[in-house]
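Colleague: What would the 3D arrangement of this be:
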Amino acid sequence: MKDLNHLLFNLNPTPLWLIEANELKKPEYLTIEEHLKNLTIGKVNQATLDLYAAESHEALENNLHRVIPKKSYKDLKKSINYVFSKKKSIEIETVNYTLKGKKLNILFHFTPTKDKYPCVLVSTIDITQYKSLMEANKRLAKLPEANPDIIVMMSCNQQIKYINPTGKEAIKSDELETIFDILPNHFSKRTCIECQNKDRIKMQYSKNNKNYLMKIHPFPNEKECMITLSDITEYTSLKEEKKLLAKAFERNHQPLIMTNKKGSIIKVNAAVEKIYGYSTDELLGQNTNILNPGQEVYKDLGYSGREYKTLFSSLWKNIRNPKIGKWEDVVINQTKNGTLKWVDLKISTVFDDDMHIKNFIAMPVDISKKMNETAKTKIGLYKALADLAEMRDQETGNHMNRVGLFSQIMAQAYNKPSKFCEDIKVFAPLHDVGKVGIGDSILLAKRKLTDDEYEKMKAHTIYGYEILKDKPELSMAAQIALSHHENYDGSGYPHQIKGKDIPLAAHITSLTDVYDALRSKRPYKEAWSHESALEEIYSLAGTKFCPELIEKFKGVEKQFERIYSKLKG
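Modeller: Purely as a prediction, here's the structure:
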């Protein structure tokens, strides 16, 4: 019989312990630590070893302090003392650990034995999974209560069984049947929704000036369904608003470009294709740099490297600043076919509720035509000003035009940017504009001027500079007016500057004016031939003119001869 009991103990699928108490001290007087030291595991079956990942009885007994944490000692002592003293069974829930450190939720059932020495038979049930399920059920039970949507439990005969707090707040009543006031009109106590054979029903409807999304989850076996109602009034309103904004964006005659915060294009309207020539597909995903012709083009059109960097650094600084969030300035853009356009560019930043950047919206306005018309108007004004000076100085009809063309050719020989070349063509003819301040007795004299008169004549350089100096767009013209009589060796006027201190535009104009003056007939001299004019100019290298300037002139002097012949008189 004893062997049979031993066999049944070992083969039992329930983890079993047989705990013996040492006879030296009565168990009720032991401390928790003494209890553990004083307890002897008489037997454990294989199921117990498997549960605690122990290789042997000895391994489990030697590591009992790892299996039972200190905070469980007290419950263990009370339970064993109770069993020993009352000779009654007891159950407790506690936490144990396997020898591998895995946490176990355990239900211990302590039963006293009828042996000579005090023993306790402990059956062990692993309730870890059960506890997890219970915790999960508790969390699930809280979901409807905390759900911001309306949750309704309804039987198939449309008896309302449950409404969560959100639903009660919506109907403003504790009467559950009031929920029908916000359910679709075809719901009534006498009408079955017939959802038993369907997996799920989803529909949108409007009622009492609100929009709802309704989801019905049927439970056919329980003859119930769960209804979830989401108030989507604000959502549908925003959706409609978004549609209107998208339509307004697309149909706007103003080109609109939307980018992400890194500057990659995510949306454009049809007007963008008209100004830049790119299709929508060609632009989407591209960085806006695709429209920037680059620093060299800006340089060619008169921007310095510093001005270019300042322009775009101010752009990014302003649009990234939540306190500003916008930027506007004139930039140069490039179309698909390489055409350059002047653009008045406005950029606005879209921030989220936390003031983080979401998007940028750019609104480019093509002002190329306006810029060209303004430039033509300015050129017309500058020409009129030059003509005024020409009329007072008795210069020949095309002198100013020739000086402008000659100066442009020289600037191109220096490989100067196109804007420099265009500007000098316009401004070189203004070199003598200061002569409007010189009296006719001096300006129109057909004799050699006295020393005093000559000093007064030299003042035309100062007068010209004073006329032009305060207008930024005329800065080159002001330099030319002031310094076109300065000489390379410092012998010129009005300030006797020399060498590289003489502005290049002024020095070029000086040479072209001398060439044209030599070739032209005056009351006091005959016109010189092209060759004679060259000989004279070459002889002035190192004194009046910079040697480098003379070398550049040698490369283009044939063009000077052709232009003079064409525009003679």
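
Colleague: If I look at the residue lying closest to residue 468 once chain neighbours are set aside, what pLDDT would I see?
Modeller: Excluding the flanking residues, the one nearest residue 468 by CB to CB, 6 or more residues apart in numbering is residue 478, at 3.9 Å. C-beta: built from backbone N, CA, C; applies to glycine. Residue 478 carries a pLDDT score of 92 in this model.

Colleague: so what's residue 478 up against?
Modeller: Going by CB atoms under 8 Å, 6 or more residues apart in numbering, residue 478 touches 464, 465, 468, 469, 471.

Colleague: can we see that at 6 Å?
Modeller: Shown in contact with residue 478 (CB atoms under 6 Å, 6 or more residues apart in numbering): 465, 468, 469.

Colleague: and the second one, how many neighbours?
Modeller: If I follow you right, that is residue 468. 24 (other CB atoms under 10 Å).

Colleague: Over to residue 42?
Modeller: Neighbourhood size, residue 42 [other CB under 10 Å]: 17.

Colleague: Now the helix or strand harbouring residue 83: buried residues?
Modeller: Assigned by DSSP states H and E, residue 83 belongs to helix 73-86. Using 16 or more other CB atoms under 10 Å as the test for burial, helix 73-86 gives 73, 75, 76, 77, 79, 80, 81, 82, 83, 84.

Colleague: Checking residue 330 next. Helix, strand or coil?
Modeller: Three-state call for residue 330 (DSSP: H, G, I helix; E, B strand; the rest coil): strand.

Colleague: Just give the closest residue to it, not the sequence neighbours.
Modeller: Nearest one to residue 330, counting by CB to CB, 6+ apart, is residue 344 at 5.7 Å.

Colleague: before we move on, what about residue 11?
Modeller: Closest residue to residue 11 apart from its sequence neighbours, by CB to CB, 6+ apart: residue 45 at 7.5 Å.

Colleague: list the contacts for that neighbour?
Modeller: 9, 10, 12, 16.

Colleague: what residue ranges in the stretch 401-550 of the chain score low on pLDDT?
Modeller: Judged against pLDDT under 70, the stretch 401-550 of the chain has no low-scoring part.

Colleague: mind listing the helices for it?
Modeller: Assigned by DSSP state H, counting those that start in this stretch, the helices in the stretch 401-550 of the chain fall at 418-427, 440-443, 451-458, 460-468, 475-483, 504-519, 530-539, 547-566.

Colleague: which stretch among those helices comes nearest residue 186?
Modeller: Of all the helices of the stretch 401-550 of the chain, helix 418-427 sits nearest to residue 186, with 75.1 Å by CB to CB.

Colleague: just the angle between that closest one and helix 475-483, please?
Modeller: Orientation of helix 418-427 against helix 475-483 (axes from the mean of the first three to the mean of the last three CA atoms, to 10 degrees) gives an angle of 50 degrees.

Colleague: hang on, the earlier thing: give me the sheet partners of the helix or strand just after the helix holding residue 83 and which way each runs.
Modeller: For helix 73-86, the following helix or strand on the C-terminal side (DSSP H and E) is strand 90-97. When pairs are called by DSSP bridges, strand 90-97 turns out to pair with strand 103-112 (antiparallel).

Colleague: Quick check: neighbours of the helix or strand just after the partner strand in the sheet, parallel or antiparallel?
Modeller: The helix or strand immediately downstream of strand 103-112 is strand 119-126, counting by DSSP H and E. Using DSSP bridges, the strands paired with strand 119-126 are strand 16-21 (antiparallel), strand 103-112 (antiparallel).

Colleague: State the mean pLDDT of the shortest one.
Modeller: The average pLDDT within strand 16-21 is 77.

Colleague: is it true that residue 510 touches residue 482?
Modeller: No: Residue 510 is beyond contact range of residue 482, at 11.7 Å (criterion: CB atoms under 6 Å).

Colleague: What is the burial count for residue 489?
Modeller: 15.

Colleague: Would you enumerate the residues in contact with it?
Modeller: By CB under 6 Å, 6+ apart, the residues touching residue 489 are 498, 543.

Colleague: what do you get if the cut-off is 10 Å, keeping everything else the same?
Modeller: By CB atoms under 10 Å, 6 or more residues apart in numbering, the contact set of residue 489 is 496, 498, 499, 540, 542, 543, 544, 545, 546.

Colleague: what's the answer for residue 63, then?
Modeller: Here residue 63 is in contact with 52, 54, 97, 99 (CB under 10 Å, 6+ apart).

Colleague: Got a quick PyMOL command for the buried subset of those?
Modeller: Entered in PyMOL, the line below selects the buried ones among the contacts of residue 63, by 16+ other CB under 10 Å:
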select buried, resi 52+54+97
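
Colleague: out of the contacts of residue 63, who's nearest residue 228?
Modeller: Nearest to residue 228, judged by CB to CB, of the contacts of residue 63 is residue 97 at 42.0 Å.

Colleague: The closest one pairs with what?
Modeller: Bridge pairing for residue 97 (DSSP bridges) gives the partners residue 103.

Colleague: My guess is residue 156 contacts residue 216. True?
Modeller: No: judged on CB atoms under 10 Å, residue 156 makes no contact with residue 216 at a distance of 11.5 Å.

Colleague: re the thing from before, if you count contacts, what does the helix holding residue 83 end up packed against?
Modeller: Helices and strands touching helix 73-86, by 3 or more CB pairs under 10 Å, 6 or more residues apart in numbering; DSSP states H and E, are strand 16-21, helix 32-38, strand 39-44, strand 90-97, strand 103-112, strand 119-126.

Colleague: Tabulate these (JSON lines), appending distance to residue 555.
Modeller: Listed next are these as JSON lines, based on distance: least, CB to CB, whole Å:
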{"stretch": "strand 16-21", "distance to residue 555": "110"}
{"stretch": "helix 32-38", "distance to residue 555": "106"}
{"stretch": "strand 39-44", "distance to residue 555": "108"}
{"stretch": "strand 90-97", "distance to residue 555": "95"}
{"stretch": "strand 103-112", "distance to residue 555": "92"}
{"stretch": "strand 119-126", "distance to residue 555": "100"}
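
Colleague: Of the ones you listed, which is nearest residue 293?
Modeller: Among the helices and strands packed on helix 73-86, strand 103-112 sits nearest to residue 293 (CB to CB), with 67.5 Å.

Colleague: still on that earlier bit, overlap in contacts, residue 510 and residue 482.
Modeller: Common contact partners of residue 510 and residue 482 (CB under 10 Å, 6+ apart): residue 431.

Colleague: Appreciated, that's everything.
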